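Undergrad: Take this sequence and fold it.
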Amino acid sequence: MAELEIREIKENEFPIWDKFVEDSKQYNLFSTSSWMEVLGRYPGGKPKLIGIFSSGQLVSGILLYERKKAFLRVMAYPPLTPFTTPIFKDNTSPRFSKIESLQKKIIQLLSSYLCKNYSYVALQLEPSIKDTRHFSWLGWKTSVSYTYEIGLSDIKGLWNKIDKDAKYEIDKAKSGNVKITEGGDIGIFLELYEKTFLKQNIKPPLNRDFIREAFGVLKAKNQCRLYFAAAEGNEISGAMVVWDRKKAYYLLAASEPGSKPGANYLLLWHIIEDMSKKFSSMDLVGANIPNIIKFKREFATNLVHYFVVEKYSSLFVKILEKLYRKLT
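TA: Presented below is the predicted three-dimensional model:
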């Protein structure tokens, strides 16, 4: 096999990259040039696409988001992004050993590039990637994270599967004249988003201008929709849903403090019904924080695990980065 080359993918190559992602088993919205455009609107960092080539042909690549923390250069946990994952060419070789050997070489080259350019790296691997040995053998730490998914192919059967408490809340919201609308003003959603955190005395983790910009980018590409639950003419709960060709993602949700009981439940159930017209599954984006998983769990049909791999350039950097994270 020809030598592998790693380099930044140029803007005029983005259509080639997007087709490569679409044909891969790791296909997801968060690896596309569309999402690169979203990340480009976030202040303080820079997205870039890195490709790995063999004889001029793409065999792997990854969408990165780099930023500085103090004097550290890091590539970890991009904003609003569930997965930061290598994408591999869908290899049809009948020899499993050949497929595994190529992936080993790709990961070695990618690891070398990342460790050379960044003080700290964390990659959230797309769930179809089950083998992290090549990262582990190179000194990367591996951990497991989780997300909930909802199967949408049988919407009538799904109603029978969701938790009885969720059904009770949905019926309560209906009897309380909670109304669901699709579309609407991103400004209203941003107000709800900020109130969601302020009621807990927590600073919102995402800049409202970034959410507005991200929504604008994806809406223009028909990959995003807002939903609202309203009572007495006022929006009291909202959600932003995004999608790719394969599935939908329940990306952001927000609610008015002390809003009408059941509004969030009715809102999510409406989203489920709407997304079932186009997709066979929806990712609820996260199942890792104990105090917020109950709501999602009442609708979920599957718990999906995925791997996070991370590496520090030195023990000193590890201590410094963790200290910086606590202070900020």
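
Undergrad: Please name the nearest non-neighbouring residue to the residue nearest the centre of the chain.
TA: With distances taken as C-alpha atoms, centre = their mean, the residue of the chain nearest its centroid is Pro82 (2.2 Å). Nearest-residue entry for Pro82: Val285, 5.4 Å, with adjacent residues in sequence omitted and distances by C-beta to C-beta, 6 or more residues apart in numbering. Where C-beta positions appear, they are placed from N, C-alpha and C, glycine not excepted.

Undergrad: So the one you found lies in a helix, does it not?
TA: No: residue assignment for Val285, taken from DSSP: H, G, I helix; E, B strand; the rest coil, gives coil, which places it outside any helix.

Undergrad: how far away is it from Tyr168?
TA: 25 Å (C-beta to C-beta, to the nearest Å).

Undergrad: cool, and Gly51?
TA: For Gly51, the distance to Tyr168 (C-beta to C-beta) stands at 51 Å.

Undergrad: wait, doesn't Leu109 sit right on Ile52?
TA: Yes: taking contacts as C-beta atoms under 8 Å, Leu109 lies within contact range of Ile52: 6.2 Å.

Undergrad: returning to that earlier point: the residue nearest to the centre of the chain touches Glu126, doesn't it?
TA: No: in this structure, Pro82 is not within contact of Glu126 by C-beta under 8 Å, at 9.0 Å.

Undergrad: picking up where we left off before, for Gly51 and Tyr168, indicate the residue with more neighbours.
TA: For Gly51 versus Tyr168, neighbours defined as other C-beta atoms under 10 Å are more numerous around Gly51 (21 against 13).

Undergrad: That one - that's part of a strand, no?
TA: Yes: per three-state DSSP, Gly51 lies within a strand segment.

Undergrad: Contact partners for it?
TA: Taking C-beta atoms under 8 Å, 6 or more residues apart in numbering, we find Gly51 in contact with Ile6, Arg7, Glu8, Ile9, Glu13, Trp17, Leu58, Ser60, Gly61.

Undergrad: how about the nearest residue to the fifth one, chain neighbours excluded?
TA: Nearest residue to Glu13, sequence neighbours excluded (C-beta to C-beta, 6+ apart): Gly51, at 7.6 Å.

Undergrad: and what of Asn234?
TA: Spatially, and ignoring its direct neighbours in sequence, Asn234 is nearest to Glu256 (8.0 Å; C-beta to C-beta, 6+ apart).

Undergrad: tell me the strands in the stretch 201-328 of the chain, going along the chain?
TA: Under the criterion DSSP state E, counting those that start in this stretch, the stretch 201-328 of the chain carries strands at the ranges 224-231, 234-243, 248-255, 281-283, 302-312.

Undergrad: Redo these as JSON lines? Include mean pLDDT and mean neighbour count.
TA: Formatted as JSON lines, the strands of the stretch 201-328 of the chain follow (pLDDT from 0 to 100; neighbours: other C-beta atoms under 10 Å):
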{"stretch": "strand 224-231", "mean pLDDT": "96", "mean neighbour count": "21"}
{"stretch": "strand 234-243", "mean pLDDT": "96", "mean neighbour count": "22"}
{"stretch": "strand 248-255", "mean pLDDT": "96", "mean neighbour count": "23"}
{"stretch": "strand 281-283", "mean pLDDT": "98", "mean neighbour count": "22"}
{"stretch": "strand 302-312", "mean pLDDT": "96", "mean neighbour count": "17"}
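
Undergrad: So which of the contacts of Gly51 is the closest to Tyr312?
TA: Of all the contacts of Gly51, the one with the least separation from Tyr312 (C-beta to C-beta) is Ile6, at 21.1 Å.

Undergrad: Show the low-confidence segments of the stretch 1-150 of the chain, by residue range.
TA: Applying pLDDT under 70 to the predicted model, the residue ranges of the stretch 1-150 of the chain that meet it are 1, 92-93.

Undergrad: circling back to that earlier point, wait, what's in contact with the residue nearest to the centre of the chain?
TA: When contacts are counted by C-beta under 8 Å, 6+ apart, Pro82 touches Phe30, Gln124, Thr147, Tyr249, Asp283, Val285, Gly286.

Undergrad: pretty sure the first one contacts Ile87?
TA: I take that to be Phe30. No: in this structure, Phe30 is not within contact of Ile87 by C-beta under 8 Å, at 10.6 Å.

Undergrad: between the two, who's got more neighbours?
TA: Under the criterion of other C-beta under 10 Å, the comparison of Phe30 against Ile87 puts Ile87 first, with 27 against 23.

Undergrad: pLDDT at Lys195, what is it?
TA: At Lys195 the predicted local confidence, pLDDT, stands at 91.

Undergrad: Equivalent analysis for the one 5 residues further on, please.
TA: Gln200 carries a pLDDT value of 79.
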